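>>> Quick one: sequence and predicted model below, then my questions.
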Amino acid sequence: MVKIAVCGAAGRMGGRIIAAVKEAEGVEICGALERPGHPMVGQDAGYNAGLGAIGVAISDDLNAVVQACDVLIDFTAPKVSLKNLEVCALYGKSIVIGSTGFTPEERALAAELAREIPVIIAPNMSVGVNVCFKVLADVAKILGEDFDVEIVESHHRLKKDSPSGTAVRMGEVVASALGRDYNKVANYHREGICGERTHDEIGMQTVRGGDIVGEHTVFFIGMGERIEITHRAHTRDMFSRGSVRAAKWVVTAKPGVYDMQDVLGLR
């Protein structure tokens, strides 16, 4: 039985992950973590998940929670995730990170810490989205240089980072398939007289509003034809189920950084 702890247990994703752990076989919820001072610290974590009491209190003691688990699932923010990763490395515990918005420097630090433990860092843990990553690479390779690439992503009004980690990853996948450096060709802003579109650029546009869970469309636009590949998320449950699947996989992996492509055997 894999013992799972959840960071951000009082949040929306935290509640859905706890519910997913309770529904899955071969795993159990052993810890729930929140920031010090959070009003739900000390309360049963099951209430936020809509499960009633489950006998696991929300704690603000990171060290105690990590020591008691086999794997920590973290959907918070990069700085919090890196701190949690550091503590997991200290105690030899695995971690699954779904946070987005990491800088290149933060990614490098995560990779350094992952020399001691297996770590999954995935901007989107949906099985469907990760199949899209695979498909996008194949489509980009086949279409080659004759199609322009544009990406549009939409999320709820409360999302803090932009563009989404999933959209960035889609851009990275397509750029790599085309032999381009995403950081050099990504175009996040067009306004006024900005000139003609360059051949290599990958446009990235963001929409924020209402309660959109998540929608991503990659356009491959040629002369006289267009291909659109779209993924729409209807609930957050697909992310939570994916994170549990990742947690079950990572506890048997060797130290290093992995993503959902590894978990799903898509490489």
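Nice, thanks for sending it over. Residues are numbered from 1 along each chain as shown.
>>> just the helices in the stretch 101-250 of the chain please.
Using DSSP state H, counting those that start in this stretch, the helices of the stretch 101-250 of the chain run over 104-113, 127-143, 165-177, 182-185, 237-250.
>>> Could you list the residues in contact with the first one?
Under the criterion Cβ atoms under 8 Å, 6 or more residues apart in numbering, residues 78-79, 81-82, 85-86, 89, 97, 102, 119, 121, 183, 257 lie in contact with helix 104-113. For the C-beta atoms, the positions are set from N, CA and C on the backbone; glycine is no exception.
>>> From those, which shows the smallest pLDDT?
Across the contacts of helix 104-113, the smallest pLDDT goes to residue 102, namely 89.
>>> From residue 158, how far out is it?
20 Å (Cβ to Cβ, to the nearest Å).
>>> what do you get for residue 134?
30 Å.
>>> who has more neighbours, these two?
residue 134 (14 against 9; other Cβ atoms under 10 Å).
>>> any chance of the contacts of helix 104-113 in a markdown table, plus distance to residue 225 and neighbour count?
As requested, those are exported to a markdown table (distance: Cβ to Cβ, whole Å; neighbours: other Cβ atoms under 10 Å):
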| residue | distance to residue 225 | neighbour count |
| --- | --- | --- |
| 78 | 39 | 20 |
| 79 | 44 | 12 |
| 81 | 41 | 26 |
| 82 | 44 | 19 |
| 85 | 45 | 24 |
| 86 | 49 | 15 |
| 89 | 49 | 20 |
| 97 | 39 | 30 |
| 102 | 36 | 22 |
| 119 | 41 | 25 |
| 121 | 36 | 24 |
| 183 | 29 | 11 |
| 257 | 38 | 17 |
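>>> Provide a list of residues in contact with residue 64.
Residue 64 touches residue 31, counting by Cβ under 8 Å, 6+ apart.
>>> mind listing what the residue nearest to the spatial centre of the chain touches?
Central residue of the chain (Cα atoms, centre = their mean): residue 123, 2.4 Å from the mean position. Applying Cβ under 8 Å, 6+ apart to residue 123 gives the contacts 98, 100, 164, 165, 166, 168, 169.
>>> mind putting those in a markdown table, neighbour count, pLDDT and distance to residue 250 included?
Formatted as a markdown table, those follow (neighbours: other Cβ atoms under 10 Å; pLDDT from 0 to 100; distance: Cβ to Cβ, whole Å):
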| residue | neighbour count | pLDDT | distance to residue 250 |
| --- | --- | --- | --- |
| 98 | 25 | 93 | 12 |
| 100 | 24 | 85 | 18 |
| 164 | 23 | 93 | 23 |
| 165 | 19 | 89 | 18 |
| 166 | 26 | 92 | 20 |
| 168 | 22 | 95 | 22 |
| 169 | 23 | 94 | 19 |
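>>> quick one: which of the residues you listed is nearest residue 263?
In terms of Cβ to Cβ, no member of these lies closer to residue 263 than residue 98, at 12.3 Å.
>>> quick one on the thing from earlier: please name whichever of the helices of the stretch 101-250 of the chain is nearest to residue 58.
The nearest among the helices of the stretch 101-250 of the chain, by Cβ to Cβ, is helix 237-250 at 17.1 Å.
>>> Output the contacting helices and strands for the closest one.
Counting contacts by 3 or more Cβ pairs under 8 Å, 6 or more residues apart in numbering; DSSP states H and E, helix 237-250 packs against strand 2-7, helix 12-23, strand 27-33, strand 71-74, strand 94-97, strand 118-121, helix 127-143, helix 260-263.
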